[in-house]
Structure formats: structure tokens, C-alpha cells
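Enquirer: predicted model and sequence follow; I will ask about them next.
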Amino acid sequence: MDPEIHTVALVEDDELLRESLAEILAASPKWQLTGVYPDAESAIEGMSSVCPEVVLMDIQLPGRSGIACVAKLKELHPDAQVLMVTVYDNNDRIFNALSAGASGYLLKRDAPLKLLDSLDELLSGGSPMSGAIARKVVQHFQATPPSKNENHNLTPREKQILELLVKGGLYKEIAWDLGIGVETVRTHLHNIYAKLHVRTRTEAVVKYLGRNV
């Protein structure tokens, strides 16, 4: 059975990286590259009427920034998923990108190896992040003292999975580390989200570490 094909666009001003990521996507039978753009203006114009399921977005673009581009694309297409791919890992850029509507944040040094797995995780409802980014998100929220401790009755296995999420593990990597299937990981995460009353990976990690679950 042929794999279901999903659409993706790439917004990146660095020509070498743009070509490298485009080659990775073109070689995947699961992804159809609908557009490659060197700046925000051409990306917004190219995706004004029809937007792919996922957009890979650089932050530092000539002219309008990638963060501003995300905000505009989410205004035009609220259901579009945006994965930031950038060299920047400072807190302001991370939280500005997430606030603008980005669903994940991948450092460029991790992109060649983790790109396709991160896209798969995004489609599965996750929020893929490089380990260094996930740690910064957690540290940001840990700076605010918790209002109370809560017992969410997480199982030892669920706590193991959350600890691996903190380290930036993708579904495949968590499954490999624990010797279980990817679908089993997804089932555990569904239960974790329900117990913690959250909807995303980032919220789960923050609540687990920042609120002393």
C-alpha cells in the first residue's frame, strides 16, 4: 500500500540549507514539496490562497521575519502546522515563535537527521523540539514557582516517557529506548495528556517538571 502523501512548503533564505532540506523532502515518498521560498513576502504570496499541511520556517529572513511570517500564515490558514528550523535558541525568539503559532522548533544542526521524524510527530499531534529547546522551555516555566503540587497518578512508564520528552526525544527514539512500539508510545502519551489535562507535548513537559507532578 502506498503511503499517504502530505504537503509541505519550505521558507529558508540560506541557499545551501534550502537545497539540502528540499532534497530530503523530495526523496521521501510521504511528502510532496509544494513550494520553496527564500523570504517571507514570496512565501505569503505563494501560500495566500492554498497552504500546505506543514510549513518549515526559518526565523532570520530578509525583510519580514520568520516569526511575522508565521503570524500572517496562521491568520490566513489557522490549521497550518509550522515547524521553525533555525540556528537561534535564545528564549525571546523561541517564545515569540511559539506565541505566533509555531507548533515545533528544530535547530538547524539537528534538521538533516531529525527532519522527517519531526514532521511525522507534528502530524501525530506532537510538538517536536530539539532537546536544547525543550530544556529552555522547561527552565522558563520552572522560574515561576508552582502554586500547588498535584498527584496525577502517572505510572512509572508514563514518567519514563515524560523524562525522555524533556530530553527532546521523538516518538521513534522513545520507543527504541524503552523497547516498545511507536503506537504504544502514542497510547501512553494520550493517557498522559488526559491525566495532566494538557493537549501538547510542551504543556505536558512543563506541567510535569514545572509543577512537580
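Expert: Sure thing, it's come through.

Enquirer: gap between the spatially closest residue to L17 that is not a sequence neighbour and E23?
Expert: Excluding its sequence neighbours, the residue lying closest to L17 (C-beta to C-beta, 6 or more residues apart in numbering) is K108, at 6.5 Å. Every C-beta, even on glycine, is put in place using the N, C-alpha and C of the backbone. Computed with C-beta to C-beta, to the nearest Å, the distance linking K108 and E23 is 15 Å.

Enquirer: so for those two, which sits in the more crowded spot?
Expert: K108 (17 against 12; other C-beta atoms under 10 Å).

Enquirer: roughly how far apart are that one and D177?
Expert: 25 Å.

Enquirer: got it, and S99?
Expert: S99 is 31 Å from D177, by C-beta to C-beta.

Enquirer: out of these two, which sits in the busier spot?
Expert: More neighbours surround D177 than the other of S99 and D177, with 14 against 11 (other C-beta under 10 Å).

Enquirer: the residue nearest to L17 touches T86, doesn't it?
Expert: Yes. K108 is within contact range of T86, at 6.2 Å (criterion: C-beta atoms under 8 Å).

Enquirer: find the nearest non-adjacent residue to the one residue sitting closest to the centre of the chain, please.
Expert: Among the residues of the chain, the one closest to the centroid is G104, at 2.1 Å (C-alpha atoms, centre = their mean). Distances taken as C-beta to C-beta, 6+ apart place P128 nearest to G104, at 4.1 Å, with adjacent residues excluded.

Enquirer: number of nearby residues for that neighbour?
Expert: Neighbour number of P128 under other C-beta under 10 Å is 26.

Enquirer: cool, and the one 3 residues further on?
Expert: A count of neighbours around G131, defined by other C-beta under 10 Å, yields 15.

Enquirer: surely it and K167 touch.
Expert: Yes. Judged on C-beta under 8 Å, G131 makes contact with K167 at a distance of 5.2 Å.

Enquirer: now the closest residue to L56 other than its chain neighbours: how far from R109?
Expert: Leaving aside its chain neighbours, L56 sits nearest to L10 (4.8 Å; criterion: C-beta to C-beta, 6+ apart). For L10, the distance to R109 (C-beta to C-beta) stands at 17 Å.

Enquirer: likewise for M47?
Expert: Distance from M47 to R109, by C-beta to C-beta: 27 Å.

Enquirer: what's the mean pLDDT across the lengthiest helix in the chain?
Expert: Looking across the chain with DSSP state H, the single longest helix is helix 182-196. On average, the pLDDT along helix 182-196 is 87.

Enquirer: please apply the same query to stretch 21-36.
Expert: 93.

Enquirer: buried residues, it. List them.
Expert: For stretch 21-36, the neighbour count (16 or more other C-beta atoms under 10 Å) marks 21-22, 24-25, 28, 31, 33-36 as buried.

Enquirer: okay, it in CSV with CA atoms only?
Expert: In CSV, the C-alpha atoms belonging to stretch 21-36 read as follows (Å, rounded to 0.1, in the frame of the first residue of the first chain):
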residue,chain,number,x,y,z
LEU,A,21,16.2,20.2,3.1
ALA,A,22,14.4,20.2,-0.3
GLU,A,23,16.4,17.2,-1.4
ILE,A,24,15.5,15.3,1.9
LEU,A,25,11.8,16.1,1.3
ALA,A,26,11.9,15.3,-2.4
ALA,A,27,13.4,11.8,-1.6
SER,A,28,10.6,11.0,0.8
PRO,A,29,7.6,9.2,-0.6
LYS,A,30,5.4,10.6,2.2
TRP,A,31,6.0,14.3,1.5
GLN,A,32,5.1,16.5,-1.5
LEU,A,33,7.0,19.7,-1.6
THR,A,34,4.6,22.4,-2.8
GLY,A,35,6.8,25.4,-2.7
VAL,A,36,10.3,26.7,-1.8
